[in-house]
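Asks: could you look at this predicted model? Sequence included:
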Amino acid sequence: MSTSNLQKPVPEWQSDLLARHDLGPDYLGSAREWFAPVVHAVAAHHNGAGRPVLVGVNGSQGSGKTTFADYVCSALEHECGLTSISLSLDDVYLPRAERQRLAAEVHPLLATRGVPGTHDIPLLLGTLRALLDADTAPGTAIPRFDKATDDRVPHSEWLRVGTPPAVVLLEGWCLGASAQSQAALREPTNALERDEDPDGRWRGYVNDALTKAFPSVYDLVDQWVMLQAPSFDCVLRWRQEQERKLAQQRGGMSDQMMDERELVRFVAHFERLTRHCLESLPPRVDHLLVLDENRSVIEARIGKGAAA
């Protein structure tokens, strides 16, 4: 048999990635086709900048951005020789007690994590700035949030960075979102806003966070990537799949996890900004990956040139 017909063994780092995310081998073919160009573009940007760089990754709930970030980090290390680290906006949610205080003082909907205004932006900024400085990166603690308990993990359990990263990835469902106009805020997007935020105080508070807090984070970002869902209608199904996977990892449903009705209501909190991101972000990002309903990439634009 010709050696050209023999299948090349999968590199260990790729096998490990498949195992971490419970993925089949077909994922690698798609990743090599669509994600590898992003890896090479990020590496080239780092090499040109000559300093640590921050990559912002936007994707709606369940779009696969955490797995994408893991692939990019692993490929940067093993194929480009660049150390990297991935952070999630989800890991800097305010502790439950702080959100309950906001719920009592500002609006009851702020008890639910997720929207701008429920993140600890000073914690995020401090972490990012430390990671992007080679002198302060070693020993930097990475915040963690436990969605099953809906609370921040104790600081003593946060992982600490060893080698200073050349590339930092920050991923989040609303990362990159801009504030909306007052006219856009006036009409409720769904029943949740209509019935539980009739005067618009909640969505106004969320919008203020996008106006005042998030730009300081955006100013640190060197390159933007978006995983573009086909529509908001896919997001609930994707989020349901996420919840089932979380339940499997924990050996079944726990008291803190959401049932179907609770999940539908939970996702409604994200509808306004998810739709806003899907409409406004694609022209503004550096790298765009267009997804179908099964989360497979069907089109890409690497750089701000023509689509591939």
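Replies: Received, thanks.

Asks: what is the neighbour count of residue 304?
Replies: Each residue near residue 304 was counted by other CB atoms under 10 Å, and the total is 11. For every residue, glycine as well, the C-beta is placed using N, CA and C.

Asks: was I right about it contacting residue 286?
Replies: Yes: the pair residue 304 and residue 286 qualifies as a contact (CB atoms under 8 Å) at a distance of 6.4 Å.

Asks: starting at the chain centroid, how far to the lowest-mean-pLDDT helix or strand in the chain?
Replies: Least confident element among the helices and strands of the chain, by mean pLDDT, DSSP states H and E: helix 233-249 (a mean of 79). Taking CA atoms, centre = their mean, to the nearest Å, the mean C-alpha location of helix 233-249 is offset from the chain mean by 15 Å.

Asks: for stretch 92-108, same thing?
Replies: Offset of stretch 92-108 from its chain centre (CA atoms, centre = their mean): 21 Å.

Asks: and residue 61, what pLDDT?
Replies: If you check residue 61, the pLDDT there is 89.

Asks: mind listing what it touches?
Replies: 173, 235, 238-239, 242, 267, 270, 274 (CB atoms under 8 Å, 6 or more residues apart in numbering).

Asks: how about the residues you listed in a markdown table, adding distance to residue 120?
Replies: Formatted as a markdown table, those follow (distance: CB to CB, whole Å):
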| residue | distance to residue 120 |
| --- | --- |
| 173 | 16 |
| 235 | 24 |
| 238 | 26 |
| 239 | 23 |
| 242 | 22 |
| 267 | 23 |
| 270 | 19 |
| 274 | 22 |
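
Asks: which pair of the residues you listed spans the longest distance?
Replies: 242 and 274 (14.4 Å; CB to CB).

Asks: ok, the two, which is more surrounded?
Replies: More crowded of residue 242 and residue 274, by other CB under 10 Å: residue 274, with 23 against 16.

Asks: the host helix or strand of that one vs helix 233-249, what angle?
Replies: Applying DSSP states H and E as the criterion places residue 274 in helix 271-280. Relative orientation of helix 271-280 versus helix 233-249 (axes from the mean of the first three to the mean of the last three CA atoms, to 10 degrees): 120 degrees.

Asks: packing partners of helix 271-280?
Replies: Packed against helix 271-280, as judged by 3 or more CB pairs under 8 Å, 6 or more residues apart in numbering; DSSP states H and E, are no other helices or strands.

Asks: residues touching it, excluding its own?
Replies: Counting by CB under 8 Å, 6+ apart, 58, 60-61, 115-116, 173-174, 176-178, 180, 184, 189-190, 192-193, 203, 206, 226, 228-229, 231-232, 235 sit against helix 271-280.

Asks: re earlier: so which bits of the least confident helix or strand of the chain are buried?
Replies: Residues of helix 233-249 classed as buried: 234-236, 238-240, 242-243 (neighbour count, 16 or more other CB atoms under 10 Å).

Asks: distance to residue 294 added to those residues, as JSON lines?
Replies: What follows is the buried residues of helix 233-249, written out as JSON lines (distance: CB to CB, whole Å):
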{"residue": "234", "distance to residue 294": "9"}
{"residue": "235", "distance to residue 294": "14"}
{"residue": "236", "distance to residue 294": "15"}
{"residue": "238", "distance to residue 294": "10"}
{"residue": "239", "distance to residue 294": "15"}
{"residue": "240", "distance to residue 294": "14"}
{"residue": "242", "distance to residue 294": "15"}
{"residue": "243", "distance to residue 294": "18"}
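
Asks: what is the nearest of those to residue 142?
Replies: residue 242 (21.2 Å).

Asks: hang on, the earlier thing: per-residue confidence averaged over the helix holding residue 274?
Replies: Here the average pLDDT along helix 271-280 is 97.

Asks: what's the following helix or strand after that helix?
Replies: Next along the chain after helix 271-280, taking DSSP H and E as the criterion, comes strand 287-291.

Asks: so for that next one, mean pLDDT?
Replies: Taken as a whole, strand 287-291 has a mean pLDDT of 98.

Asks: what helix or strand is residue 298 on?
Replies: strand 297-302.

Asks: so what's the gap between that strand and the chain middle?
Replies: Distance of strand 297-302 from its chain centroid, counting by CA atoms, centre = their mean, is 18 Å.

Asks: quick check: angle from that strand to strand 287-291?
Replies: Comparing the axes of strand 297-302 and strand 287-291 via the same axes, to 10 degrees yields an angle of 170 degrees.
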